[in-house]
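[1] okay, here's the prediction I keep looking at, along with the sequence it came from:
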Amino acid sequence: MLTSPVVWALDWRLDAEWEASRQDTVSAPLALIDARPFAWTQRYDLSLADAGAGLDVRFEPENSGPSEPEWTVRQAYYDTGLGDYEVTLGQKHLHWDYGFLANPLNWVGPADGRSEFLAEPLVSVQQFRGISTDQAVCTLRLENQQELCLVRTQGFSGAVDWQVAAGYEAGWQLGAGASWVPGQRWEYHGSLTWYEAALQRSYRNGRLLTEHESAWNILVGASTSGQGGWQLLLEHHLDTRALPADDWSQVRQDLEAEADGALASAWQGEPLTAHRSLVRLTQNWNDWDLTGALIGLWAGEPTALTELELTYAWTQSAALTLGWQTTPASGMLGQIGRGDCYTLGVNWVLAP
């Protein structure tokens with residue numbers, strides 16, 4: 001009697017990225033950002049997946065400067081069925097939110113759509129009920145950090161995708177979010193989290209202080225697209241954990257008076273300001289994509305961060321990117337200092 005051989009199908013993908021960048025400073029009362037000369041960096045991401053298991057590692061060879069070659073495990077997890085439940089153990093990306101500028105509901109995921117994120121060790125149990133999902137998650141942090149345990153349910157009501165969550169870390173936190181697509185062109189989304197005891201900062205008498213108080217993290221946004229290949233995204237973010245506007249003004253005055261570089265930590269941390277706004281427009285022409293973004297920071301006086309990126313995909317597995325941006329930790333209150341970063345990148349993908 002003949003038996004069929006066991007089929008072992010390994011899905012893999014190799015992303016190689018080479019990027020040349022140069023950062024320049026411009027005139028400011030305190031240029032706390034040092035100019036960086038033209039330099040190449042390179043990154044290699046290898047993803048493997050099979051039978052519910054996944055591994056994602058990054059290798060960064062020795063680039064310009066004193067850095068050493070480094071291996072980083074970005075994801076390493078195993079998914080398995082257990083009756084009506086799916087169990088996940090390991091480091092895995094969890095994406096629950098709908099935003100780009102910020103993701104208030106991504107308690108164990110990326111804080112926004114722009115940052116690199118290493119998945120946290122966790123255990124997750126979820127049950128699928130038709131198109132709805134119930135999930136329980138606990139982090140397994142190896143360092144001396146407070147664990148986060150939460151429960152979450154997600155479902156659909158007509159054209160609305162909604163979810164609610166409750167968890168405990170340093171204190172209780174509650175969250176909810178929804179995405180509504182009333183027609184073919186527009187989409188509206190929003191999410192919020194309330195923290196019973198969130199870490200907040202304040203600046204008093206030349207010192208940066210921290211304490212735990214209740215706080216809100218809220219995002220509202222809308223997106224639309226047209227037949228000409230364009231997409232528009234509008235979002236506003238409120239995070240009351242940020243340094244207040246009055247404190248920002250005092251930080252700037254002290255920096256101007258004392259030129260104390262140690263105070264830079266006050267304006268390089270996240271979140272920068274309580275209010276942020278985003279306008280992001282993308283235009284597509286076949287193999288070409290042009291994206292421009294304007295992020296407004298509101299801390300007593302508005303400060304604009306701008307980004308511009310042009311991408312050309314000359315094959316299905318290779319792309320060339322040219323970009324310019326004011327660096328995220330620059331231009332605070334338009335006074336402290338800012339840097340402009342120019343990038344040229346090449347991305348190559350190898351997959352079966």
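    That came in fine, so what should we check first?
[2] and Pro182, how many neighbours does it have?
    11 (other Cβ atoms under 10 Å). Yep, even glycine has a C-beta here, placed from its N, CA and C like the rest.
[3] again, but for the one 3 residues further on
    Summarising burial for Arg185: neighbours were counted as other Cβ under 10 Å, giving 11.
[4] where do the helices sit along the stretch 251-352 of the chain?
    265-268 (DSSP state H, counting those that start in this stretch).
[5] over to the chain?
    All helices of the chain, identified by DSSP state H, fall at 245-258, 265-268.
[6] avg pLDDT for the last one?
    Going back to what we said before, that points to helix 265-268. For helix 265-268, mean pLDDT is 55.
[7] low-confidence bits of the protein, can you list those?
    For the chain, applying pLDDT under 70 flags the ranges 1-9, 25-35, 63-68, 256, 258-270, 327-338.
[8] ok, and the closest non-adjacent residue to the residue nearest the centre of it?
    The chain has Asp112 as the residue nearest its centroid, 2.9 Å off, counting by Cα atoms, centre = their mean. Spatial nearest neighbour of Asp112, chain neighbours left out: Ala102 (5.1 Å); criterion: Cβ to Cβ, 6 or more residues apart in numbering.
[9] neighbours of Glu116, how many?
    Residue crowding around Glu116 was assessed by other Cβ under 10 Å; the count is 9.
[10] how much space between it and Trp186?
    30 Å (Cβ to Cβ, to the nearest Å).
[11] can you check Ala76 too?
    Distance, Ala76 to Trp186, by Cβ to Cβ: 39 Å.
[12] go on, Pro110?
    From Pro110 across to Trp186, the span is 25 Å (Cβ to Cβ).
[13] kindly report the same for Thr88.
    34 Å.
[14] and for Ala299?
    Taken as Cβ to Cβ, the span from Ala299 to Trp186 is 31 Å.
[15] if you count surrounding residues, which of these two has more?
    Using other Cβ under 10 Å, the more surrounded residue of Ala299 and Trp186 is Ala299, with 24 against 12.
[16] touching, the more buried one and Ala274? I think so.
    Yes: look at Ala299 against Ala274 with Cβ atoms under 8 Å: they come within range, at 7.4 Å.
[17] circling back: tell me who's in contact with the residue nearest to the centre of the chain.
    By Cβ atoms under 8 Å, 6 or more residues apart in numbering, the residues touching Asp112 are 99-103.
[18] report how many residues lie close to Leu101.
    Taking other Cβ under 10 Å as the criterion, the count of residues near Leu101 is 21.
[19] quick one: contacts for it?
    Residues in contact with Leu101 (Cβ under 8 Å, 6+ apart) are 112-114, 219, 221, 235, 237, 276, 278, 295.
[20] would you list the residues you listed in CSV and tack on distance to Glu70?
    Formatted as CSV, these follow (distance: Cβ to Cβ, whole Å):
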residue, distance to Glu70
Asp112, 24
Gly113, 25
Arg114, 22
Leu219, 33
Gly221, 35
Glu235, 33
His237, 32
Arg276, 31
Leu278, 32
Ile295, 30
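[21] so which of these comes closest to Arg13?
    Taking Cβ to Cβ as the measure, Gly113 is the one of those closest to Arg13, at 20.3 Å.
[22] these two touch, right, the closest one and Tyr98?
    No: between Gly113 and Tyr98 no contact is recorded; they are 10.0 Å apart, counting by Cβ under 8 Å.
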